[in-house]
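Q: Compute the structure for the input listed below.
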Amino acid sequence: QPQRVPEPHHDTVGILAMDSAGSLAGACSTSGMAFKVPGRVGDSPIIGQGLYVDQEAGAATATGTGELITGVCGSFLAVELMRQGHSPLNALREVLSRIAARYTLAPEHQTAFLAVNTRGEWATAALRPGFRHTITDERGSRVEEPHFVLLPG
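A: Below you'll find the predicted structure:
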C-alpha cells in the first residue's frame, strides 16, 4: 500500500477584472485535488461552475470543494442573482446558503466566491473562515478577509 504524504494545500485561483470602459473579464486556474478519484473533473473547467462572466449582469469565480460548487452551478448562480437585482454580497450569501442547505458538510469542506456586478460593486464570501482575497484598485493592492463567512469558526 503506497503511503500518502501530506501535501501543502492547493486551490483554485480566480481573477475578475473590470476595465475603465466597464468591460468584465475573468480567469481561473486550479492545481487540482491531490489523490483524486480517477476521472474526477473539478469545477474550474466547467463553464458556469468555477467561473462565469456575463457583460450584462456581472462575473463570479469560485474556489474550494468543486463538488459543492458544481452542485449549485455556483458562479452562474451568483451572476444570475445579480441579473435579478441582488448585490454581489447578497448573491454570494444565497449561493453559500444553497450549498449549506443541499449538502451534509464535512469539516474539510470549504468554498469561497468572488463576484462583481456591472457597476463595479464587488464582494467575497466563504463557507468557513480561512479564505482571503487580494484586491487591486486605485488605492493599491492589499489582502483582505472575506466580506461574509457563512459558518464562523
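Q: Identify the bridge partners of Gly58.
A: Residues in a beta bridge with Gly58, per DSSP bridges, are Asp54, Asn117.
Q: Now do the same contact list for it.
A: Leu24, Ala78, Val79, Met82, Arg83, Pro88, Ala115, Val116, Asn117, Thr118 (CB atoms under 8 Å, 6 or more residues apart in numbering). Glycine gets a C-beta too; all of them are placed from N, C-alpha and C.
Q: Can you read off the pLDDT for it?
A: pLDDT, Gly58: 98.
Q: What distance do you get for it to Thr65?
A: Going from Gly58 to Thr65 by CB to CB, to the nearest Å gives 23 Å.
Q: Need the contact partners of stretch 65-79.
A: With CB under 8 Å, 6+ apart as the test, stretch 65-79 has contacts from 33, 42-44, 46-54, 57-62, 88, 91-92, 94-95, 98-99, 102-103, 105, 108-111, 113, 115, 127.
Q: Please list only the buried members of those.
A: Using 16 or more other CB atoms under 10 Å as the burial test, those include 42-44, 46, 48-54, 57-62, 88, 91-92, 94-95, 98-99, 105, 109-111, 113, 115, 127 as buried.
Q: Please flag which of those sit within strands.
A: Leu51, Tyr52, Val53, Asp54, Gly58, Ala59, Ala60, Thr61, Ala62, Thr111, Phe113, Ala115 (DSSP state E).
Q: Determine which two of the residues you listed are furthest apart.
A: Greatest spatial distance among those (CB to CB): Asp54 and Thr111, at 20.6 Å.
Q: residues touching Gly48, list them.
A: Gly48 neighbours (CB under 8 Å, 6+ apart): Cys73, Ser75, Phe76.
Q: Please compute how far the helix of greatest length in the chain lies from its chain's middle.
A: As assigned by DSSP state H, the longest helix anywhere in the chain is helix 88-102. Offset of helix 88-102 from its chain centre (CA atoms, centre = their mean, to the nearest Å): 11 Å.
Q: And stretch 120-139, by the same measure?
A: Centroid separation for stretch 120-139 versus its chain: 10 Å, with CA atoms, centre = their mean.
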